[in-house]
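# the following comprises the amino acid sequence and a computationally predicted model.
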Amino acid sequence: MRNGYGFLTKNNGDNFEGYWINNKREGVGSYFFNNTKKLIVGEWVDDSPKSAIYCELNDSQENILKLPSLQMEDLNSLLETLF
């Protein structure tokens, strides 16, 4: 079950960033629709946006939503450094 703050990326490229309670979006969050390049930012209640701003992003703005890929360093080297 999702609880707390987090990110969700669907297979179709849609993204949600925000808060969850009992596996439902709840509180402040944003949802990006990849195929239409539209964004909802606002307050979510019971898994639905209740008061939000809805806008369409142009090509120069869509890069702000892309997160850098994370890669772990060599685990053994990291553990040796820490301990």
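Structure's in. What do you need?
# rest of the way, CA atoms for contacts and neighbours
Fine.
# centre-most residue in this structure?
With distances taken as CA atoms, centre = their mean, E17 lies nearest the centre of the chain, 2.8 Å away.
# chain center to the helix or strand hosting that one, what's the gap?
Using DSSP states H and E, E17 falls within strand 15-21. With CA atoms, centre = their mean, to the nearest Å as the basis, strand 15-21 stands 6 Å off its chain's centre.
# quick one: strands adjacent to it?
Strand 15-21 has its sheet partners listed here by DSSP bridges as strand 4-9 (antiparallel), strand 24-33 (antiparallel).
# model confidence over stretch 29-49, on average?
For stretch 29-49, mean pLDDT rounds to 91.
# can you measure across it, start residue to end residue?
This stretch, stretch 29-49, spans 9 Å end to end (CA to CA, to the nearest Å).
# same question, stretch 41-49
End-to-end distance for stretch 41-49, by CA to CA: 8 Å.
# now do stretch 35-50
End-to-end span of stretch 35-50 (CA to CA): 23 Å.
# buried sites along that stretch?
For stretch 35-50, burial by neighbour count (16 or more other CA atoms under 10 Å) applies to K38, L39, I40, V41, G42, E43, W44, V45, P49.
# was I right to think the fourth one contacts G29?
Yes: under the criterion of CA atoms under 8 Å, V41 is in contact with G29, at a separation of 5.9 Å.
# most tightly packed of the strands paired with strand 15-21?
Ranked by mean neighbour count under mean count of other CA atoms under 10 Å, the strands paired with strand 15-21 are led by strand 24-33, which reaches a mean of 20.
# next helix or strand past it?
Downstream of strand 24-33 (by DSSP H and E), the next one is strand 38-45.
# give me the residues contacting the helix or strand following that next one.
As assigned by DSSP H and E, the chain's next helix or strand after strand 38-45 is strand 48-56. Outside strand 48-56, the residues that touch it by CA atoms under 8 Å, 6 or more residues apart in numbering are R25, T36, K37, K38, L39, I40, V41, G42, E43, W44.
# what is the mean pLDDT for the very next helix or strand once past strand 48-56?
Along the chain past strand 48-56, the next helix or strand (assigned with DSSP H and E) turns out to be helix 75-82. The average pLDDT for helix 75-82 rounds to 73.
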